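A.B. asks: test case, fold it:
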Amino acid sequence: MIEDRTTPRDQPARIDPIRAGLLCRCPNCGQGRLFAGFLRVVERCEACGCDFRGLNTGDGAAVFVMQAAGAPVVFGALFIQIALAPPVWAVAAVALPLVLGLSLGLMRPGKGLMIALQMREGGRRG
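C.D. replies: Residues are numbered from 1 along each chain as shown. All right, here's what the predicted structure looks like:
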């Protein structure tokens, strides 16, 4: 006898809201887009209709991204400066684009994570 491992249509598949937020998907269903632009959150999920208008992450994502991107780059630049003593312009020429790239690359997933955590804590669904 073969077991049926499919999910019944009346029960939604269980999704991890944190993973969905990091992938910039709706934390409620995991299907719809979370962003309409680079950081502008959609009003409603196109897949499940979840309302995002009442959510406000503020600058939380930016603060965490600045710390996550800035700390390793700054400490790496200080280490290189002390250990190898290159010209300051050379360190800045490497460190500034690196911190800019990390910041821009982490901002959308960071904001998606903040939205998913806010929804999980607030118990908001649909």
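
A.B. asks: what helices and strands are in contact with the helix of greatest length in the chain?
C.D. replies: Taking DSSP state H as the criterion, the chain has its longest helix at helix 88-122. Using 3 or more Cβ pairs under 8 Å, 6 or more residues apart in numbering; DSSP states H and E, the elements in contact with helix 88-122 are helix 17-22, helix 60-84. From N, CA and C alone the C-beta is placed, and that goes for glycine too.

A.B. asks: tell me how far that helix lies from the chain's centre.
C.D. replies: Distance, stretch centre to chain centre, for helix 88-122: 8 Å (Cα atoms, centre = their mean, to the nearest Å).

A.B. asks: Throw the helices and strands packed on helix 88-122 into TSV and include mean neighbour count, thanks.
C.D. replies: Below are the helices and strands packed on helix 88-122 laid out as TSV (neighbours: other Cβ atoms under 10 Å):
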stretch	mean neighbour count
helix 17-22	19
helix 60-84	14
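
A.B. asks: by mean pLDDT, show me the worst of those.
C.D. replies: Lowest mean pLDDT within the helices and strands packed on helix 88-122: helix 17-22, a mean of 89.

A.B. asks: would you put the C-alpha positions of that one in CSV?
C.D. replies: Extracted C-alpha coordinates of helix 17-22, given in CSV (Å, rounded to 0.1, in the frame of the first residue of the first chain):
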residue,chain,number,x,y,z
PRO,A,17,7.7,32.6,7.6
ILE,A,18,11.3,33.4,8.4
ARG,A,19,12.6,31.7,5.3
ALA,A,20,9.8,33.3,3.2
GLY,A,21,10.8,36.7,4.5
LEU,A,22,14.5,36.2,3.7
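
A.B. asks: returning to what we had before: residue 37: which of the helices and strands packed on helix 88-122 is closest?
C.D. replies: helix 60-84 (14.8 Å; Cβ to Cβ).

A.B. asks: buried residues, the longest helix of the chain. List them.
C.D. replies: In terms of neighbour count (16 or more other Cβ atoms under 10 Å), helix 88-122 has its buried residues at 91, 95, 99, 102-103, 106-108, 110-119.
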